[in-house]
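In: 3D, please:
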Amino acid sequence: MTRNHLWILCLVLLASSPLSAQTTDTLVRPCFVGSTFFMAGNFLPEPPSYYQLNLGYRLSSKDVLSVEMITWIYRGPLGRPYGPDYENPSSNFPGYVRAFGAGLAYKRFLWKQWYGQVHATALRQHYMDESGERIQHGFQLFNTLRLGYQFRFFKNRFFLEPSIAMTFWPINTNLPDSFQVEEDRWNTFFLGEPGLHFGFNF
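Out: Residues are numbered from 1 along each chain as shown. All right, here's what the predicted structure looks like:
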């Protein structure tokens, strides 16, 4: 999507929204683009090849809706908790998962810049063997409940959002048997996932 397409989308949304009559900084700039600092992990020796783009729109001063596009690689069950089992190579899959997806997120500012957010992301998953050949593919519905705080800078033009989250994936289909053995050992949720998102309002 080009910059012109983004501007057209924002103008259409503005024209159909009561926000166009508001004058506060956050409402004068109802659209934003952002991502997450988790992408810094791509500089690690075994990078997750994680990329995310968020496009959002403020429905009101407290309500925000965004679309999130995500792709990443993971090498073991997502439900392994913090501690000695977290990302333990002995419980990795005999290969890895390459996921591509898009989702919706709804954010509600609860008090000042404190917010709660719920995300639902649909992911198409390619299950790869150790040599990088695709074995089969499946589907995952990945959900997140998040609590965070938004710091605003430069007249609300930029923002930074540290957060803590619970993730869960009630649908996770068609894993190869060798992957499923490891997946079944762990929960289908993860508690205490940190987040650090950022964005630019326009």
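In: can you give me the strands in the protein?
Out: 31-36, 51-58, 63-74, 95-111, 114-129, 134-149, 151-153, 158-172, 189-201 (DSSP state E).
In: Can I get those in CSV including mean neighbour count, mean pLDDT and distance to Y82?
Out: All C-beta atoms are positioned from the backbone trio N, CA, C, and that covers glycine. Formatted as CSV, the strands of the chain follow (neighbours: other CB atoms under 10 Å; pLDDT from 0 to 100; distance: least, CB to CB, whole Å):
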stretch, mean neighbour count, mean pLDDT, distance to Y82
strand 31-36, 19, 96, 19
strand 51-58, 18, 96, 22
strand 63-74, 17, 97, 16
strand 95-111, 17, 97, 20
strand 114-129, 17, 98, 21
strand 134-149, 16, 97, 17
strand 151-153, 12, 94, 26
strand 158-172, 16, 97, 12
strand 189-201, 16, 96, 7
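In: can you list those strands in JSON lines and add distance to E87?
Out: Output for these, formatted as JSON lines (distance: least, CB to CB, whole Å):
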{"stretch": "strand 31-36", "distance to E87": "18"}
{"stretch": "strand 51-58", "distance to E87": "20"}
{"stretch": "strand 63-74", "distance to E87": "9"}
{"stretch": "strand 95-111", "distance to E87": "13"}
{"stretch": "strand 114-129", "distance to E87": "18"}
{"stretch": "strand 134-149", "distance to E87": "18"}
{"stretch": "strand 151-153", "distance to E87": "29"}
{"stretch": "strand 158-172", "distance to E87": "15"}
{"stretch": "strand 189-201", "distance to E87": "12"}
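In: closest one to N88 among these?
Out: Nearest of the strands of the chain to N88, taken as CB to CB: strand 63-74 at 13.5 Å.
In: elements contacting the closest one?
Out: strand 51-58, strand 95-111, strand 114-129 (3 or more CB pairs under 8 Å, 6 or more residues apart in numbering; DSSP states H and E).
In: Among the strands of the chain, which comes closest to P84?
Out: strand 189-201 (15.8 Å).
In: what does the closest one contact?
Out: 26, 29, 31-38, 54, 56, 78-82, 144, 146, 148, 156-169 (CB atoms under 8 Å, 6 or more residues apart in numbering).
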